[in-house]
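**Student:** Show me how the following folds:
(one chain, ligands or ions: 1)
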Amino acid sequence: MIPTQEIAVEILERIDEEIISAKEALKAGLAGKDFDYKVRGSIHAYVMETLKRRNTIDFLIDRSLDGKTVYELKPFLRNLLRVAVYEMFYKGVHPALATDSAVRIAKRRIGGRAAALVNAVMRRAEKIDLNSETSRLPEVQRLAYRYFHPEWYVEYAIKLLGREQAIELMIANMQNTTYVRVNELKASIESVRKYLERYCVIEETCLPEVFKVVAWDRHPSTLEWHADGKYVVQDLASTLVAHAMKPEPGERVLDLAAAPGLKTSHIAMLMENRGKIMAVDNSEERVRRMKAKMKKLGVEIVECRVADGVKFRWKADRVLLDPPCSTTGAFRNYPCVKWRYDEYKYRATVKLQRRMLENAYRNVGEGGVVVYSTCSITFDENEENVMASPFKVDDVKIDGFSSGISEFEGKRFPEWEKVLRTWPHLHDCCGFFISRLLRV
Ligand SMILES: C[S@@+](CC[C@H](N)C(=O)[O-])C[C@H]1O[C@@H](n2cnc3c(N)ncnc32)[C@H](O)[C@@H]1O
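**Tutor:** Next up, the predicted model:
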């Protein structure tokens with residue numbers, strides 16, 4: 001028998017210890033292991049579903065630990081308990097079974113005392129009723145535990161959207177929807193449709209080259225045509241960005257924060273591999289991977305460079321700026337980020353975004369287009385940054401999505417109808433902000 005839970009625990013331990021993303025930890029944790037796609041899928045689900053609920057799971061463990069907190073436990077034991085509590089409360093595994101398997105792992109990997117502790121915690125946790133246990137907490141805290149989000153996010157989302165929509169957003173953040181974007185540089189939309197239909201149930205979206213995957217026998221990312229670069233797994237919101245730019249074949253396009261290159265390759269596809277794209281990123285490792293990806297996807301017009309997007313100069317017809325952001329719109333895909341918010345880092349990121357926007361301005365001539373996008377829901381990273389920039393706001397013009405935020409904390413954004421926002425609870429994709437800016 002493959003010890004699925006135990007491997008998931010090791011991967012979660014790695015995430016805690018090395019402060020890396022779930023994707024990186026899964027890749028490292030599964031490297032060299034000869035598991036089929038079903039086992040990999042199951043380990044992936046254990047890791048992601050446990051991570052998504054981490055605050056509430058830790059609350060349940062803390063309540064069952066007799067004075068200690070979950071952070072006083074060694075990382076393996078801490079994550080073993082997390083996985084076991086996830087199984088018992090959220091996966092529908094019978095408490096006796098969840099407890100038994102965690103106790104056996106603890107005994108074999110750590111020893112008898114750890115096994116006794118696991119047994120005691122699981123038996124106490126089993127009796128907890130979360131609703132009554134949290135009923136006397138302040139509302140924000142209660143919602144945080146109920147909907148598995150950090151308190152700062154609950155507060156922010158309520159301020160931005162109101163209580164009802166904030167709750168819908170948090171519920172939608174817990175779901176996952178897979179989208180596939182056909183890479184027309186290597187395959188036709190029709191051929192990919194037929195290929196995917198052999199393994200998946202797919203639906204059309206507002207973009208002809210993007211399919212929503214509603215069910216699967218084999219996940220699209222495990223199939224041969226994915227390995228061949230005939231399609232990529234890319235969120236619907238992310239695929240709107242290249243369309244907001246409307247690049248033409250033969251143009252010069254600069255991407256100032258390009259890795260891993262999903263949007264770059266989409267732009268190349270819309271340009272029919274004619275013209276030139278300069279794809280810049282300041283991470284050497286990410287540029288290395290981007291180069292390999294561009295080759296796999298058949299992108300012939302890109303030059304990938306390691307450089308600082310704040311300073312890099314290269315005159316272009318159009319610029320894409322998709323800078324680092326708080327990722328508050330993409331908790332579905334990056335659950336680790338939920339629990340790693342740091343006010344200081346956040347402020348520095350907003351500053352960096354502004355400096356990169358100024359540099360985007362320097363790289364286009366009069367009439368030049370800059371598309372500024374983030375996968376963040378915050379006002380300051382989006383509308384406020386656009387307001388502070390020297391650009392004229394142009395209309396993004398993609399039907400079926402939401403407009404921007406018109407006012408937040410007394411700050412008004414008059415051009416809110418020209419920019420675009422996608423929301424997990426309204427559009428079943430990540431939360432993106434997309435603006436189209438002109439140098440005049
Ligand atoms: C949101 S990701 C870009 C995603 C990419 N546009 C795509 O669609 O695949 C932000 C990227 O900005 C890069 N970055 C961070 N600081 C930078 C800087 N000063 N100059 C250039 N790139 C930077 C990060 O390494 C990261 O790859």
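**Student:** Ends of stretch 23-39, what's the gap?
**Tutor:** Stretch 23-39 has an end-to-end distance of 16 Å (CA to CA, to the nearest Å).
**Student:** That one: which residues count as buried?
**Tutor:** 25-26, 29-30 (16 or more other CB atoms under 10 Å). For the C-beta atoms, the positions are set from N, CA and C on the backbone; glycine is no exception.
**Student:** Tell me which two of those sit farthest apart.
**Tutor:** Ala25 and Leu30 (9.4 Å; CB to CB).
**Student:** Find residues that contact each of these two.
**Tutor:** Ile11 (CB atoms under 8 Å, 6 or more residues apart in numbering).
**Student:** residues from the stretch 151-300 of the chain in reach of the ligand?
**Tutor:** 257-263, 280-283, 286 (CB under 6 Å from any ligand atom).
**Student:** now the stretch 301-440 of the chain
**Tutor:** Counting by CB under 6 Å from any ligand atom, the residues of the stretch 301-440 of the chain close to the ligand are 308-310, 322-324.
**Student:** which one of these sits closest to Leu236?
**Tutor:** Asp322 (15.4 Å).
**Student:** Give me the nearest residue to that closest one, chain neighbours excluded.
**Tutor:** Ser373 (4.9 Å; CB to CB, 6 or more residues apart in numbering).
**Student:** Isn't that neighbour up against Ala242?
**Tutor:** No: look at Ser373 against Ala242 with CB atoms under 8 Å: they stay out of range, at 9.8 Å.
**Student:** Mind listing the shared neighbours of these two?
**Tutor:** What both Ser373 and Ala242 touch, as defined by CB under 8 Å, 6+ apart, is the set Leu320.
**Student:** quick one: low-confidence ranges for the stretch 51-200 of the chain?
**Tutor:** Along the stretch 51-200 of the chain, the model assigns pLDDT under 70 to no residue.
**Student:** quick one, strands of it?
**Tutor:** 178-182, 200-204 (DSSP state E, counting those that start in this stretch).
**Student:** Quick check: the residue of the stretch 1-150 of the chain nearest the ligand.
**Tutor:** Ranking the residues of the stretch 1-150 of the chain by distance to the ligand (CB to the nearest ligand atom) places Ser21 first, at 12.0 Å.
**Student:** cool, the stretch 101-250 of the chain as well?
**Tutor:** Counting by CB to the nearest ligand atom, the stretch 101-250 of the chain gets nearest the ligand through Ser238, at 6.2 Å.
**Student:** got the contact list for that residue?
**Tutor:** So Ser238 contacts 262-263, 375, 430, 432 (CB under 8 Å, 6+ apart).
**Student:** who's sitting farthest from the centroid in this structure?
**Tutor:** For the chain, the residue at maximal distance from the C-alpha centroid (CA atoms, centre = their mean) is Gly112, at 39.2 Å.
**Student:** can you give me the strands for the stretch 301-440 of the chain?
**Tutor:** 302-306, 316-321, 364-374, 392-394, 402-403, 407-408, 411-412, 420-421, 433-438.
**Student:** Any chance of a markdown table for the ones you listed, columns mean pLDDT?
**Tutor:** Shown next, in a markdown table, are these (pLDDT from 0 to 100):
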| stretch | mean pLDDT |
| --- | --- |
| strand 302-306 | 98 |
| strand 316-321 | 98 |
| strand 364-374 | 97 |
| strand 392-394 | 98 |
| strand 402-403 | 98 |
| strand 407-408 | 98 |
| strand 411-412 | 97 |
| strand 420-421 | 98 |
| strand 433-438 | 98 |
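**Student:** Adding mean neighbour count and distance to Glu203, write those strands out as JSON lines.
**Tutor:** What follows is the strands of the stretch 301-440 of the chain, written out as JSON lines (neighbours: other CB atoms under 10 Å; distance: least, CB to CB, whole Å):
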{"stretch": "strand 302-306", "mean neighbour count": "18", "distance to Glu203": "31"}
{"stretch": "strand 316-321", "mean neighbour count": "25", "distance to Glu203": "28"}
{"stretch": "strand 364-374", "mean neighbour count": "20", "distance to Glu203": "24"}
{"stretch": "strand 392-394", "mean neighbour count": "17", "distance to Glu203": "31"}
{"stretch": "strand 402-403", "mean neighbour count": "14", "distance to Glu203": "21"}
{"stretch": "strand 407-408", "mean neighbour count": "14", "distance to Glu203": "34"}
{"stretch": "strand 411-412", "mean neighbour count": "12", "distance to Glu203": "38"}
{"stretch": "strand 420-421", "mean neighbour count": "24", "distance to Glu203": "22"}
{"stretch": "strand 433-438", "mean neighbour count": "24", "distance to Glu203": "22"}
